[in-house]
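Q: structure here, sequence nowhere to be found:
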């Protein structure tokens, strides 16, 4: 039974604040273990990686076997059926088409002083992508991380994917192949992050690491941040659906469950202006839960973190949505475009009843790596920008320096930075001779 | 005496690697202290902030006095002379003009399936800017942080600046006024970061915190990251100058010293193809050091971390530059544009001999908050993007869902995410009825 909230109730603010503040993350403190693993990989390189892989993945490898060979990849890929392959190819094509449009432009202009200013975008040289192994191995995540990197122009893209007992998901290898990944290593955990960040004899270091992982991987990413760039540390998934009564309750129920089935800590919230519709959706969730394969996960998520909120109008819904700042937001109302202009803090918005969130997980085109835990207030989903950096450019002419140099000298002196001022003054004195 | 390196020497690789790897940061471990301060501010709010301010800044305040009043700001600003004011206004105008051009565009398009895709950029609602107090209080940094936030559209911009013994730099208040800052609080340290991140009775919480600070501030920013967004944690400043012999050695010496005077841990490197020119610059540095006000800082920086590297040609210089990935890069060569195309990992590039780096610190237009410690390999300087976030948008039509929905269902099932597949299937079944 999820919570039922009503904005007209006296205790609404209290209940809503509790819903917002619910701590859904159980992050075990693995930092000390991770620090040791990173130090070990830094000092002993391949040897440490191989020992840790034998220990955690029950897999004995030599340095030569750390990377999948092209033949091994071919053999695994050959197992994939045509339906799966075509679906992955369609997804890749659509993700690529979307992300190509994100490529930012360089700029350069000359201002009225004669100074030429601008900037230039360039790609990160090498990136590493962590792919979880075992049950929760998602080929779609390989596409969502690897394609933006390749679109950005990353020259060397390496994947690490643990293969416990030697088992690998052929679809992960196929997704990597389709996305143009250059190297695939059969390692995981904090040791994989350490190897990517610092390099070993067999694994060259990268400049940026992205991709989801367990608590060990997350802690390792936090630790190597600064040495390399990292993407966000993602929390449990969330969806907010804003729907009026002209929706099929079963469709909305399935959308809520498609987040709930990810994780017991996932959160699914419905906001509606019709209390009866809210009840109907909750009933539909219960009905679907009876037969859902992952009901042991989706059930507790819905029971513990699910909510149905009744509002007086959709302006109020937008206001609550902005306070929630959801990772995924579905707008199933008569005019979703108008409502979307008011819901400004959200990772991804899905407009209209024919756009279930699951479309965005696979084939819509936009990225499915999105800000969780209210961080859509200040951050964005993964994009080509995560694999690019911008260099600013400026070039003064003598005239430009004469026009603006004195102000720089004044400010440098006001900050007691004499050499700064002198570097301008020495040039001005020569020009004024 | 800086190091002299020569790429033709047998031990060059070793010496260059040592230069790259030199640990210049002395970051005292203040994390435990900072954790306590943050917990204290979270639980006791204003009271904790006021007590810590009395303790660290020797300043007794009431809650009402935490913020500067408009009258107090007016009075302080009245002390600023016209030359300083005009210089700040010119700087602000040029920084604003540059950053306005960085504003990214929204996009929306309809693909061949009929699906409408796109994204929309929106501003962070509230941002906080940390401004160091005491000696190293830089009004230019106020402009460089506050203007991009206001250009991005941040509605509420708060500054915290500690005022030890009640002393404040009027130029900081003037810079804040010029930049359009909305609130200024006379607090600093980890307690200021905690107040901005979690809010107190007198200080509303923000969504993003930027700005430089000491080890306590940096540790606090790391700790509140996730609850709010933060900018980079900046290390000691760096400059790399690539110059041929057709330069005035004294100008180049001053450019090197303008980084060295920031911090004993700053690093200034010259790369030249002419060994005599390199010697001449080193001599000029020594001569300038004799009279430089901050020679007690610049001298040790140049001695301990400075370097003059002789290369055989400028392609080699570009290659070394990319390995250094400098925060600031000056290209004082005959064709700086051509060389800049090869130096792809740099925070900011200054082209030609009339563009001393100090111009970029104040009045050039580009931001002076730039990636240090080789992080220009994967990150960019501060920009309007730091105060914006992107929401992706997608809307399927029935036809679009029929075209791509089956592939989503296939991939969902391959990942054992049944509800994901069903959320698509339920809609397709209705459409196909």
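A: The structure has been received and is ready for your questions. Everything quoted here is computed from the prediction, not taken from an experiment.
Q: so for residue A:2, what's the nearest residue that isn't a sequence neighbour?
A: residue A:306 (3.2 Å; CB to CB, 6 or more residues apart in numbering or on different chains). (C-beta placed from N, C-alpha, C; glycine too.)
Q: make that residue A:408, sorry
A: According to CB to CB, 6+ apart, the nearest residue to residue A:408 is residue B:362 (4.2 Å).
Q: before we move on, the earlier item: what is the burial count for the residue nearest to residue A:2?
A: 26 (other CB atoms under 10 Å in any protein chain shown).
Q: what's near enough to touch it?
A: A:2, A:3, A:256, A:260, A:267, A:268, A:269, A:285 (CB atoms under 8 Å, 6 or more residues apart in numbering or on different chains).
Q: can you tell me the closest non-neighbouring residue to the second one?
A: The shortest distance from residue A:3 to any residue that is not its chain neighbour, by CB to CB, 6+ apart, is 4.5 Å, and that residue is residue A:307.
Q: what's the pLDDT at the residue nearest to residue A:408?
A: Here the pLDDT value assigned to residue B:362 is 97.
Q: surely it and residue B:91 touch.
A: Yes: counting by CB atoms under 8 Å, residue B:362 touches residue B:91, with 5.4 Å between them.
Q: who has more neighbours, those two?
A: residue B:362 (33 against 27).
Q: so how far is residue B:145 from the more buried one?
A: 14 Å (CB to CB, to the nearest Å).
Q: which strands and helices sit next to whichever helix or strand residue A:404 is part of?
A: According to DSSP states H and E, residue A:404 maps onto helix A:398-414. When contacts are defined as 3 or more CB pairs under 8 Å, 6 or more residues apart in numbering or on different chains; DSSP states H and E, helix A:398-414 packs onto helix A:418-432, helix B:82-100, helix B:139-152, helix B:357-362.
Q: now it: buried residues?
A: A:398, A:400-414 (16 or more other CB atoms under 10 Å in any protein chain shown).
Q: cool, and stretch A:391-400?
A: Applying a neighbour-count criterion of 16+ other CB under 10 Å, one finds A:391, A:392, A:393, A:394, A:395, A:396, A:397, A:398, A:400 buried in stretch A:391-400.
Q: closest one of those to residue B:386?
A: Nearest to residue B:386 among the buried residues of stretch A:391-400: residue A:392, at 13.8 Å, using CB to CB.
Q: circling back: can you select the buried ones from the contacts of residue A:306 in PyMOL?
A: The PyMOL command for the buried members of the contacts of residue A:306 (criterion: 16+ other CB under 10 Å) is given here:
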select buried, chain A and resi 2+3+256+260+267+268+269+285
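Q: okay if I get the contacts of residue A:306 as TSV plus pLDDT and secondary structure?
A: TSV is the format used below for the contacts of residue A:306 (pLDDT from 0 to 100; DSSP: H, G, I helix; E, B strand; the rest coil):
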residue	pLDDT	secondary structure
A:2	90	coil
A:3	92	strand
A:256	98	helix
A:260	96	helix
A:267	95	strand
A:268	97	strand
A:269	98	strand
A:285	98	helix
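Q: ok, of the contacts of residue A:306, which one's closest to chain B?
A: Nearest to chain B among these: residue A:260, at 7.4 Å, using CB to the nearest CB.
Q: isn't that closest one right up against residue A:268?
A: Yes: counting by CB under 8 Å, residue A:268 is a contact partner of residue A:260 at 5.0 Å.
Q: what is in contact with these two at once?
A: With CB under 8 Å, 6+ apart as the test, residue A:260 and residue A:268 both reach A:301, A:302, A:306.
Q: can you pull the pLDDT of the first one?
A: pLDDT, residue A:301: 96.
Q: after whatever helix or strand it lives in, which helix or strand is next?
A: Per DSSP H and E: residue A:301 is located in helix A:295-305. For helix A:295-305, the succeeding helix or strand toward the C-terminus, using DSSP H and E, is strand A:307-310.
Q: rewinding a little: same question for the helix holding residue A:404, mean pLDDT?
A: 98.
Q: what's the burial count for residue A:154?
A: 25.
Q: can you verify residue A:165 is assigned to a strand?
A: No: assessed with DSSP: H, G, I helix; E, B strand; the rest coil, residue A:165 is helix; it does not lie in a strand.
Q: what's the spacing between the residue nearest to it when sequence neighbours are not counted and chain B?
A: Nearest residue to residue A:165, sequence neighbours excluded (CB to CB, 6+ apart): residue A:58, at 5.3 Å. Note on residue A:58: its distance to chain B, by CB to the nearest CB, to the nearest Å, is 23 Å.
Q: hang on, isn't residue A:58 packed against residue A:162?
A: No: Residue A:58 sits out of contact with residue A:162 when judged by CB under 8 Å, with a separation of 10.6 Å.
Q: who has more neighbours, these two?
A: residue A:162 (25 against 11).
Q: what does the stretch 151-300 of chain A put close to chain B?
A: A:171, A:207-208, A:226, A:228-229, A:233, A:248, A:250-251, A:254-255, A:257-258, A:260-262, A:288, A:292-294, A:298 (CB under 8 Å from any CB of the partner chain).
Q: make a PyMOL selection of whichever of those residues turn out to be buried.
A: Per 16+ other CB under 10 Å, the buried members of those correspond to this PyMOL selection:
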select buried, chain A and resi 171+207+208+226+228+229+233+248+250+251+254+255+257+258+260+261+262+288+292+294+298
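Q: just the ones of the residues of the stretch 151-300 of chain A next to chain B in strands?
A: Using DSSP state E, A:208, A:229 are the members of those that sit in strands.
Q: and residue A:260, how far is that from residue A:303?
A: Per CB to CB, residue A:260 is found 9 Å from residue A:303.
Q: what do you get for residue A:341?
A: 34 Å.
Q: just give me the neighbour total for the nearest residue to residue A:332 once chain neighbours are set aside.
A: Spatial nearest neighbour of residue A:332, chain neighbours left out: residue A:243 (3.9 Å); criterion: CB to CB, 6+ apart. When neighbours are counted by other CB under 10 Å, residue A:243 registers 25.
Q: and for residue A:337?
A: 15.
Q: got phi/psi on it?
A: When read as degrees, to the nearest 10, the backbone of residue A:337 gives phi -60, psi -50.
Q: ok, back up a step: partners of the residue nearest to residue A:332 in the sheet?
A: residue A:272, residue A:332 (DSSP bridges).
Q: is it true that it touches residue A:280?
A: No: between residue A:243 and residue A:280 there is no contact under CB under 8 Å: 10.6 Å.
Q: got phi/psi on the closest residue to residue A:101 other than its chain neighbours?
A: Setting aside the residues directly before and after it, residue A:101 is nearest to residue B:107 in space (CB to CB, 6+ apart), at 6.1 Å. Backbone torsions for residue B:107, taken as degrees, to the nearest 10, come to phi -150, psi 150.
Q: OK, contacts around residue B:107?
A: Applying CB under 8 Å, 6+ apart, the residues contacting residue B:107 are A:101, B:118, B:119.
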